Structures are given as C-alpha cells and as structure tokens.
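Q: sequence below, structure please.
(one chain, ligands or ions: 2)
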Amino acid sequence: MAYSDKVIDHYENPRNVGSFNKDDSDVGTGMVGAPACGDVMKLQIKVNDAGIIEDAKFKTYGCGSAIASSSLITEMVKGKSLDEALSIKNADIAAELELPPVKVHCSILAEDAVKAAIADYRQKQGAAA
Ligand code: FES
Ligand code: FES
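A: Ligands and ions are numbered 1, 2, ... in the order given. Below you'll find the model as predicted:
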C-alpha cells in the first residue's frame, strides 16, 4: 500500500517529537493505544496562562500513518484554545494526509490522544485549584 506524499513528509520529518515533564502543572499528557494494531501514541500539550496551547510534543510507537497523524495534529493544536483543539476531528487529519480507509484508525488515535491530553490537563488544573 502506498503512502501519500504528505504522510511520507511527516513520517520522514516528524514535527514536535519529544516530551515534556508530565508532572508540570501546565502540561497535559494523553496516552492512547489502538486495539486494532497495538500501536501506542503519547501526546503532550503545554498550556499558557491564557488557556492557549503554546506547544505540543509526541512519541508514537506505531506505523507511518500514526506518526504522520501525530506530527500533523501537534502542528494543528498549537495556538489553539483547549475547546478549539477539542473540535479537531480525525476526519480532518485523514483528509489532509489522504489516508486510505484501513489507516483511518491511525488518525483516530491522534484525535483521541489530544482529547486525553486535554482531559489530563483539565483534571490537573481542577486538582490544583
Ligand atoms: Fe503495526 Fe500500525 S499496525 S504499526
Ligand atoms: Fe495502527 Fe496505524 S495506528 S496501523
């Protein structure tokens, strides 16, 4: 199966690979796995005082489409509010990367990872308040 040029670009030059300290209060961490294939994605957001995601990083143990999806979504969430980031749909990623149907679950992993990271951040803020 052929990968699209955009997948190959993000796969060969992934944006924002790495991690933040998950214990920092301005960091949210999402860790999700895909039951279909066993791939795992960790995605983290760093949120500023105004509630804007100022940075994002990921580590993905998975296929090229999963890496490309996480690379793309870290770019998409930067500069967005939490609510704006929550509205990103896996279909946006799948369309941008031109993922074939069997690889759509890779983009769902990225959407779920962002949602999990935001939930973690919000829970930490609630706990700290
Ligand atoms: Fe094996 Fe995604 S199915 S890496
Ligand atoms: Fe399973 Fe891509 S995340 S094949």
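Q: ok, Val17 - how many residues close by?
A: By other Cβ atoms under 10 Å, the residues close to Val17 number 14. Just so you know, the C-beta spots here come from the backbone N, C-alpha and C atoms, and that holds for glycine as well.
Q: any idea of the mean pLDDT in the longest helix along the chain?
A: Using DSSP state H to define each element, the chain has its longest helix at helix 104-128. Here helix 104-128 scores 93 as its mean pLDDT.
Q: next one: that helix, is it in contact with ligand 1?
A: No: for a cut-off given as Cβ under 6 Å from any ligand atom, helix 104-128 has no contacts with ligand 1; the smallest distance is 6.8 Å.
Q: mind checking how far the residue lying closest to Asn16 once chain neighbours are set aside is from ligand 2?
A: The spatially closest residue to Asn16, leaving aside those adjacent along the chain, is Thr74, at 4.0 Å (Cβ to Cβ, 6 or more residues apart in numbering). Separation of Thr74 from ligand 2 (Cβ to the nearest ligand atom, to the nearest Å) stands at 16 Å.
Q: tell me the SS of Thr74?
A: helix (DSSP: H, G, I helix; E, B strand; the rest coil).
Q: list the contacts for it?
A: 15-16, 43, 56-58 (Cβ atoms under 8 Å, 6 or more residues apart in numbering).
Q: got the residues of the chain near ligand 2?
A: Counting by Cβ under 6 Å from any ligand atom, the chain comes close to ligand 2 at 34, 36-37, 39, 62-63, 65-66, 103, 105-106, 109.
Q: just put those residues in a markdown table and tack on neighbour count.
A: A markdown table is the format used below for the residues of the chain next to ligand 2 (neighbours: other Cβ atoms under 10 Å):
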| residue | neighbour count |
| --- | --- |
| Ala34 | 17 |
| Ala36 | 11 |
| Cys37 | 15 |
| Asp39 | 19 |
| Gly62 | 19 |
| Cys63 | 18 |
| Ser65 | 29 |
| Ala66 | 26 |
| Lys103 | 22 |
| His105 | 20 |
| Cys106 | 29 |
| Leu109 | 29 |
